[in-house]
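> Return a 3D structure for these sequence lines:
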Amino acid sequence: MECAQAGDKEAFNVLFDDIGPFITRFVRRRLLDQAEVDDICQQVLLAIFKSRHTYQPARPFEPWLFAIVRNVLAAYLLHNRQRTRWHEPMSEIPEIRADDESSLAVELSDGLNQLSPNQLEALRLTNLSGFSIAEAAMHVGTSVGSMKVRVHRAYESLKRSLLR
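Numbers count the residues shown, from 1 in each chain. Here you go, the predicted model:
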């Protein structure tokens with residue numbers, strides 16, 4: 001780690017090769033969703049790189065390392081819990097059936113049909129899939145600002161169609 005701290009790129013490669021399996025095992029034991037393990041491990045390695053200046057060579061390396069791993073993992077779990085607390089992920093917008101033509105379900109269905117494909121996708125990603133605005137923007141390949149506009153316009157369009 002001392003060599004990596006000094007900017008030796010090869011030392012970083014060796015260090016990451018050595019600690020990678022330990023980090024992966026540590027994270028894998030603590031996550032229910034195993035699909036996220038690789039992403040969390042990459043976040044940990046990035047955090048180690050960014051925090052390299054805080055390592056003190058006179059102190060043991062492992063406690064410093066696993067403090068970073070625990071912090072990244074805790075931040076992920078907190079974010080994931082907050083995201084899923086309010087959103088129940090669904091694969092697609094449910095079909096709405098109603099017996100009464102004047103019912104709210106029919107009005108909502110009509111409102112959804114009036115949305116542009118971009119607006120519908122923005123709602124699907126943020127409200128049905130549970131992505132944050134930033135995650136939805138990254139998924140679609142657009143800016144965060146553009147995704148905010150899409151979601152806002154979709155809400156406004158739905159509000160107008162329901163208030164008619």
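
> In this structure Gln34 contacts Arg28, no?
Yes - here Gln34 lies in contact with Arg28, judged by Cβ atoms under 8 Å, at a distance of 6.7 Å. Using the backbone N, CA and C atoms, a C-beta is placed for each residue, glycine as well.

> between these two, which one's more packed in?
With other Cβ atoms under 10 Å as the criterion, Gln34 and Arg28 differ in neighbour count, and Arg28 comes out ahead with 14 against 9.

> got a pLDDT number for the more buried one?
What the model reports as pLDDT for Arg28 is 87.

> distance of it from Val69?
Counting by Cβ to Cβ, to the nearest Å, the gap between Arg28 and Val69 amounts to 12 Å.

> do the same with Asn13
Computed with Cβ to Cβ, the distance linking Asn13 and Val69 is 19 Å.

> The two: who's more crowded?
Counting neighbours by other Cβ under 10 Å for Asn13 and for Val69 shows that Val69 has the greater number, 22 against 11.

> So the more buried one is in contact with Ile23, correct?
Yes - taking contact to mean Cβ under 8 Å, the distance of 5.8 Å between Val69 and Ile23 places them in contact.

> joint contacts of those two?
Residues touching both Val69 and Ile23 comprise Val44, with contact defined as Cβ atoms under 8 Å, 6 or more residues apart in numbering.

> in the one helix or strand in the chain whose mean pLDDT sits lowest, what counts as buried?
Taking mean pLDDT, DSSP states H and E as the measure, the helix or strand of the chain with the lowest value is helix 104-113, at a mean of 76. Within helix 104-113, the residues scored as buried using 16 or more other Cβ atoms under 10 Å are 107-109, 111-112.

> Turn those into JSON lines, including distance to Gln56.
Listed next are the buried residues of helix 104-113 as JSON lines, based on distance: Cβ to Cβ, whole Å:
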{"residue": "Glu107", "distance to Gln56": "63"}
{"residue": "Leu108", "distance to Gln56": "59"}
{"residue": "Ser109", "distance to Gln56": "61"}
{"residue": "Gly111", "distance to Gln56": "59"}
{"residue": "Leu112", "distance to Gln56": "57"}
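
> got the contact list for the residue nearest the centre of the chain?
Taking Cα atoms, centre = their mean as the criterion, Glu135 is the residue nearest the geometric centre of the chain, at 5.3 Å. Under the criterion of Cβ under 8 Å, 6+ apart, the neighbours of Glu135 are Leu125.
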